[in-house]
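Participant: Make a model of this:
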Amino acid sequence: MDIQQNRNVEIEKTNVEKKVDTSMVASTFIKYAAYIVIFFGAIWFLVKYVLPMFG
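Facilitator: All right, here's what the predicted structure looks like:
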């Protein structure tokens, strides 16, 4: 047997990349931050102006 045989070997290389869309993450963060600001603004309005009317 010959040690160096002619081999036709195909090597398949697969690159796995984790794709993160930073603009999507940032826009989602801004959207939910706006929801939180609006929510606390509404709560502040109720506590500051509406609840004293009943007290």
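Participant: Sticking with the spatially most central residue of the chain, tell me its helix or strand.
Facilitator: Central residue check for the chain by C-alpha atoms, centre = their mean: the C-alpha nearest the mean position is that of residue 25, 3.8 Å away. Residue 25 is part of helix 22-45 when elements are defined by DSSP states H and E.
Participant: name the helices or strands packed onto that helix?
Facilitator: Helices and strands touching helix 22-45, by 3 or more C-beta pairs under 8 Å, 6 or more residues apart in numbering; DSSP states H and E: there are none. To be clear about C-beta, it is placed using only N, CA and C from the backbone, and glycine gets the same treatment.
Participant: Alpha carbons of that helix, as PDB, please.
Facilitator: Extracted in PDB, the C-alpha atoms of helix 22-45 (Å, rounded to 0.1, in the frame of the first residue of the first chain):
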ATOM      1  CA  THR A  22     -28.800  47.100  16.900                       C
ATOM      2  CA  SER A  23     -31.200  49.600  15.300                       C
ATOM      3  CA  MET A  24     -34.100  47.300  16.100                       C
ATOM      4  CA  VAL A  25     -33.000  46.900  19.700                       C
ATOM      5  CA  ALA A  26     -32.600  50.600  20.100                       C
ATOM      6  CA  SER A  27     -36.000  51.500  18.600                       C
ATOM      7  CA  THR A  28     -37.700  48.900  20.800                       C
ATOM      8  CA  PHE A  29     -36.000  50.300  23.900                       C
ATOM      9  CA  ILE A  30     -37.000  53.900  22.900                       C
ATOM     10  CA  LYS A  31     -40.600  52.700  22.300                       C
ATOM     11  CA  TYR A  32     -40.900  51.000  25.700                       C
ATOM     12  CA  ALA A  33     -39.100  53.900  27.500                       C
ATOM     13  CA  ALA A  34     -41.700  56.300  25.900                       C
ATOM     14  CA  TYR A  35     -44.500  54.000  27.200                       C
ATOM     15  CA  ILE A  36     -43.100  54.100  30.700                       C
ATOM     16  CA  VAL A  37     -42.700  57.900  30.600                       C
ATOM     17  CA  ILE A  38     -46.300  58.300  29.500                       C
ATOM     18  CA  PHE A  39     -47.600  55.900  32.100                       C
ATOM     19  CA  PHE A  40     -45.800  57.700  35.000                       C
ATOM     20  CA  GLY A  41     -46.900  61.100  33.500                       C
ATOM     21  CA  ALA A  42     -50.500  60.000  33.700                       C
ATOM     22  CA  ILE A  43     -50.000  58.700  37.200                       C
ATOM     23  CA  TRP A  44     -48.400  62.000  38.300                       C
ATOM     24  CA  PHE A  45     -51.300  63.900  36.700                       C
END
